[in-house]
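J.: Any chance you could fold what I've pasted below:
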Amino acid sequence: MIGGRRPRALQGRKVGDRRVRVERPHTAFFRYSGEGQLVDVALLDSIMPLMGWVAANLLIGGQPPALLGNDNFTAAPSGTFRTSDGYINIAANKQEQWEALCDELGLEGLKSDPRFARRDVRKGNRKALTPLLEDRLLSRATAEWVERLNARGIPSGAILALGEALDQPQIRHRRSLEEIHTPGIGVVRLFTLTAKLARTPGAVTAPPPALGADTDAVLSTLGIGPGELALLRAEGVV
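T.: Predicted coordinates:
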């Protein structure tokens, strides 16, 4: 929280260029069919479907998206809320979850309030609803609310700092990060392979190469020997 303001809205981070990598399994066709073909993968084609229901609401329902920050367009209350020590994400999307949330927060009267009684109406009155919920949520810490709300079947979770997210038990269990020795730097933590293959497991065992680290190996595949490499270096070519 900065100066009493709400946290910035969620931002995408270079999703497009990474999405193309997800399309790579299509190349498996070559290995199994023995036939070649042109593989045409565009950044634009890869990223547009990621909008999912946001695009579907427009294409099918004719509803354009609105600027809602961290709130969920399809339901309310569903988004980020303040607590006594940080922020919590609550997704009370179903009617029974909404009613359970009112009971847990001691706001039973909101269940019959015409502004909030039904899901579609709540979405249109989220700006009035959020302060009422936060007034109660500010009375306890995030961790306590997460435990209490989930116990009632109300999906919720803490908004973690990046360091906290990277140190979650599931991250350690899945070995999503490995410590790799990097010459001149020391031990660094790097992401491992996301796919865990049973028969042909892979692993990250070396750091990313430094600039020029593989120059000799690459040029040697072109038939350039040590003598010629030394000459190229002397002349400033490599």
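
J.: What is the neighbour count of residue 167?
T.: Residues near residue 167, counting by other CB atoms under 10 Å, number 12. Using the backbone N, CA and C atoms, a C-beta is placed for each residue, glycine as well.

J.: do residue 184 as well
T.: The burial count for residue 184: 6, using other CB under 10 Å.

J.: Tell me, how many residues neighbour the residue nearest to it when sequence neighbours are not counted?
T.: Nearest residue to residue 184 in three dimensions, chain neighbours excluded: residue 210, at 7.8 Å (CB to CB, 6 or more residues apart in numbering). Using other CB under 10 Å, residue 210 has 11 other residues around it.

J.: The one 10 residues further on now?
T.: Around residue 220 there are 13 other residues, counting by other CB under 10 Å.

J.: what do you get for residue 169?
T.: Residue 169 has 7 nearby residues by other CB under 10 Å.

J.: again, but for residue 172
T.: 11.

J.: same deal with residue 102?
T.: Burial measure for residue 102: 22 neighbouring residues, criterion other CB under 10 Å.

J.: Please name the residues that touch it.
T.: Neighbouring residues of residue 102 by CB atoms under 8 Å, 6 or more residues apart in numbering: 108, 109, 110, 111.

J.: Spell out the secondary structure type for it.
T.: helix (DSSP: H, G, I helix; E, B strand; the rest coil).

J.: For it, give me the pLDDT.
T.: At residue 102, the model reports a pLDDT of 97.

J.: And residue 157, by the same measure?
T.: Looking at residue 157, its pLDDT reads 96.

J.: Check residue 208 too.
T.: 86.

J.: Distance of residue 171 relative to residue 192?
T.: 10 Å (CB to CB, to the nearest Å).

J.: Let me fix that, I meant to ask about residue 58.
T.: Residue 58 sits 38 Å away from residue 192, going by CB to CB.
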